[in-house]
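S.K.: 3D model of this:
(2 chains)
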Amino acid sequence: MFDFDSIPHIKEVSACHGVYDEKNLNEKDPVSFDERQQRSKKVLPDLEEAIKRVGLKDGMTISFHHHFRNGDYVINMVMDVIAKMGIKDLTVAASSLTDCHWPLIEHIKNGVIKHIETSGLRGKLGDAVSHGLMDFPVIFRSHGGRAAAIETGELHIDVAFLGAPSCDPYGNANGYNRDSEEGSCCGSLGYAKLDALYADKCIIITDHLVSFPNTPFGIPESQVDYVVKVDNIGDPNGIMSGATRYTKNPKELLIAQYATNAIVASGYFKNNFSMQMGSGGASLAVARYLREKMLEQDIKCRFALGGITGQIVQMHEEGLVKKILDVQSFDLIAANSVKNNRFHQQIDASYYASYVNKGAAVNQLDFVILSALEVDVDFNVNVMTGSDGVIRGAVGGHPDTAAGASMTIVVCPLLRGRIPTICTKVNTVCTPGRTVDVVVTDQGIAVNPARPELYERFVEAGLPVTTIEKLRDRAERIAGKPEPIKYGEKIVGVLMYRDNTVIDVIREVID
Amino acid sequence: MEIKKTGVAGTMESSDIIVRIEPKNTEGVELTLESAVMQQYGRQIEKVIRETLEGLGVTSAYVNAVDKGALDCTVAARTLAAAYRAAESKDYVWNGGSIR
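M.R.: Reported below is the predicted structural model:
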């Protein structure tokens, strides 16, 4: 026996709730583990019930991820239920939106959605926004900029609706399914992870409710309030294409050869280098050519970051790439590799690219290969608006990786059809020219004058180096000088740089 | 050059243009143009088609063109070919004719 008050310093001990009393014990629940998990209070019968429970109200901010790409059913499904429940004036803060999200147009017209924040817009929705659908301009943030806004609390998410290919009754959610080979698979849940962590309420929407524990998990149950099982979270074919196919386009292959030779000559191609590659045709071909150079010269890559493709996974399984940091898996091979390869790590958007995260992986990049719709003579890059001025792209991690990487290489054809890619002034600045070091086209390589040492090395290696002005002139000589696109006055989109300052605006298109 | 029947040249492939030229009873060239790059190059494409026809002495025709981003040289070549076919003429000038 003891006298509680006589214990020295006991009053100064925190997390000490007095003397043990048997009366405070909960009744023991003697059912089997399996029965217990069947009764998990987190699992709700439908979305409407979940939306009621989290207390979604007019004017709140809801979030979604884009790991299901163009196969996503979640956003449209959730918005339809919300609309039916009569909730209005919502801000939709999605990590990105794509062609399949055109039904949002009706919800915008009906006042269910007042404002959109996203990395990108495409298809009918992008077209409608460009033609003045919304009064509140769409805010475009890079993946790193969005992550930073969420971490600092500036972008406050009231409710996150996160689709997951598998989840257990307590909310441990994953981008793949370890319990069956059926259903959809998206690999990394990188963008969803941050939303789950910071949202006030988090609802997981899954089509595979599996037994506890769904480990290793992308999202832990501690961050999840409710779980809703639906028939389908997406179209597996739209979520993932099997393997991304190699391009046969000779122009892209030529660009890829030039880019590979530039990497090899740059001084960054040495043992334990780091890299990020895109998923465009030329980028994928660079991965293939670079692999040959690595085998030839016995050089290994310490880590590959990004958007991960099957090409990177192949190099990982061959021992050429030691570790993979994956915020988003681009194809089924990459998605399965997250599941099966110990050193293929899924990372969240902050770890990937946030400027408030000092250790952000983009800052550890030797080089990144990026694409572009337009590049101007100041090296500014547009990845957002098409040649007709209409929104049909996404900022993605473009400005984040460009700023972080020691050498940022933009690959693009000199002309797309008749439209020059290298121009005097891009229609929309997404990535500032100061962060772009090299532009590789099928008709020559331009080096940013801020990087004379790269220029010297490329010349020495016999690469077809020219100036960005000469590339622009050549494009205009072939195609003719294009007449400018006609814009109205109304601002329909605002481009945030990765530090969440406004870098450009997108105006309404006049047909 | 007199347009006697319908003449067509070109394809709907990317970076090509399909030009269709038909006889017209009255003077003047009536041109309808659809283009994937209308905003940026619509006027330029029309100018090249009209100058090409002028160079051939075609003063009366219906012209319908569907462009998929063809360069000026392609626009001129397809227009020439369509016009020669429409005029049932084989007196080609292989140096590029009236086109610079």
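S.K.: for stretch A:437-450, give me every contacting residue.
M.R.: With CB atoms under 8 Å, 6 or more residues apart in numbering or on different chains as the test, stretch A:437-450 has contacts from A:251, A:254-255, A:258-259, A:262, A:372, A:375, A:379, A:407-414, A:421-422, A:433-434, A:436, A:451, A:454-455, A:458, A:463-468, A:470-471, A:474. From N, CA and C alone the C-beta is placed, and that goes for glycine too.
S.K.: what residues of that stretch count as buried?
M.R.: The neighbour-count check on stretch A:437-450 (16 or more other CB atoms under 10 Å in any protein chain shown) flags A:437-448 as buried.
S.K.: kindly report the same for stretch A:479-493.
M.R.: Neighbour-count burial for stretch A:479-493 [16+ other CB under 10 Å]: A:479-480, A:482, A:485, A:487, A:492-493.
S.K.: in chain A, what spans have low per-residue confidence?
M.R.: A:242-244 (pLDDT under 70).
S.K.: interface residues of it facing chain B?
M.R.: Neighbours of chain B within chain A, by CB under 8 Å from any CB of the partner chain: A:387-389, A:417-419, A:478-480, A:482-486.
S.K.: and which of these is nearest to A:Arg507?
M.R.: Among those, A:Gly389 lies closest to A:Arg507 (CB to CB), at 8.0 Å.
S.K.: can you pull the contacts of that closest one?
M.R.: A:130, A:427, A:485-487, A:507, A:509, B:39.
S.K.: would JSON lines of the residues you listed with secondary structure and distance to A:Ala83 be doable?
M.R.: Shown next, in JSON lines, are the contacts of A:Gly389 (DSSP: H, G, I helix; E, B strand; the rest coil; distance: CB to CB, whole Å):
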{"residue": "A:Ser130", "secondary structure": "helix", "distance to A:Ala83": "23"}
{"residue": "A:Asn427", "secondary structure": "coil", "distance to A:Ala83": "34"}
{"residue": "A:Ile485", "secondary structure": "coil", "distance to A:Ala83": "34"}
{"residue": "A:Lys486", "secondary structure": "coil", "distance to A:Ala83": "34"}
{"residue": "A:Tyr487", "secondary structure": "strand", "distance to A:Ala83": "32"}
{"residue": "A:Arg507", "secondary structure": "strand", "distance to A:Ala83": "29"}
{"residue": "A:Val509", "secondary structure": "strand", "distance to A:Ala83": "27"}
{"residue": "B:Gln39", "secondary structure": "helix", "distance to A:Ala83": "36"}
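S.K.: out of those residues, the closest to A:Asp99 would be?
M.R.: A:Ser130 (14.2 Å).
S.K.: quick revisit: quickly check the contacts of A:Gly389 for the two that are furthest apart.
M.R.: A:Arg507 and B:Gln39 (14.2 Å).
S.K.: more neighbours, the two?
M.R.: A:Arg507 (21 against 18; other CB atoms under 10 Å in any protein chain shown).
S.K.: what's next to stretch A:35-50, contact-wise?
M.R.: A:29, A:53, A:77-78, A:81, A:84-85, A:168-171, A:203, A:205, A:209, A:211-212, A:221, A:224-230.
S.K.: how does it look with 6 Å?
M.R.: A:81, A:169-171, A:203, A:212, A:226-228 (CB atoms under 6 Å, 6 or more residues apart in numbering or on different chains).
S.K.: of those residues, which is the nearest to chain B?
M.R.: Nearest to chain B among the contacts of stretch A:35-50 is A:Val81, at 39.5 Å by CB to the nearest CB.
S.K.: so where does A:Ile506 fall, helix or strand?
M.R.: Taking DSSP states H and E as the criterion, A:Ile506 maps to strand A:502-509.
S.K.: flag every residue of chain B that's near chain A.
M.R.: B:14-15, B:37, B:39-40, B:44, B:69 (CB under 6 Å from any CB of the partner chain).
S.K.: switch these over to CSV; also include secondary structure, pLDDT and distance to A:Thr61.
M.R.: Formatted as CSV, those follow (DSSP: H, G, I helix; E, B strand; the rest coil; pLDDT from 0 to 100; distance: CB to CB, whole Å):
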residue, secondary structure, pLDDT, distance to A:Thr61
B:Ser14, coil, 92, 42
B:Ser15, coil, 94, 45
B:Val37, coil, 93, 40
B:Gln39, helix, 91, 36
B:Gln40, helix, 93, 39
B:Gln44, helix, 96, 47
B:Gly69, coil, 95, 42
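S.K.: got a markdown table for the contacts of stretch A:35-50, with neighbour count and secondary structure too?
M.R.: Listed next are the contacts of stretch A:35-50 as a markdown table, based on neighbours: other CB atoms under 10 Å in any protein chain shown; DSSP: H, G, I helix; E, B strand; the rest coil:
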| residue | neighbour count | secondary structure |
| --- | --- | --- |
| A:Val81 | 17 | helix |
| A:Pro169 | 21 | coil |
| A:Tyr170 | 19 | coil |
| A:Gly171 | 27 | coil |
| A:Ile203 | 27 | strand |
| A:Phe212 | 16 | coil |
| A:Tyr226 | 22 | strand |
| A:Val227 | 25 | strand |
| A:Val228 | 23 | strand |
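S.K.: for the residues you listed, give me a markdown table that also has distance to A:Thr98.
M.R.: A markdown table is the format used below for the contacts of stretch A:35-50 (distance: CB to CB, whole Å):
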| residue | distance to A:Thr98 |
| --- | --- |
| A:Val81 | 20 |
| A:Pro169 | 31 |
| A:Tyr170 | 31 |
| A:Gly171 | 26 |
| A:Ile203 | 21 |
| A:Phe212 | 33 |
| A:Tyr226 | 26 |
| A:Val227 | 25 |
| A:Val228 | 23 |
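S.K.: closest one of those residues to A:Gly396?
M.R.: A:Ile203 (25.6 Å).
S.K.: list the contacts of that closest one.
M.R.: A:50, A:161, A:226.
S.K.: please, where are all the strands along the stretch 101-250 of chain A?
M.R.: Along the stretch 101-250 of chain A, counting by DSSP state E, counting those that start in this stretch, strands occupy A:113-118, A:120-121, A:138-140, A:159-164, A:166-167, A:173-174, A:201-206, A:226-229.
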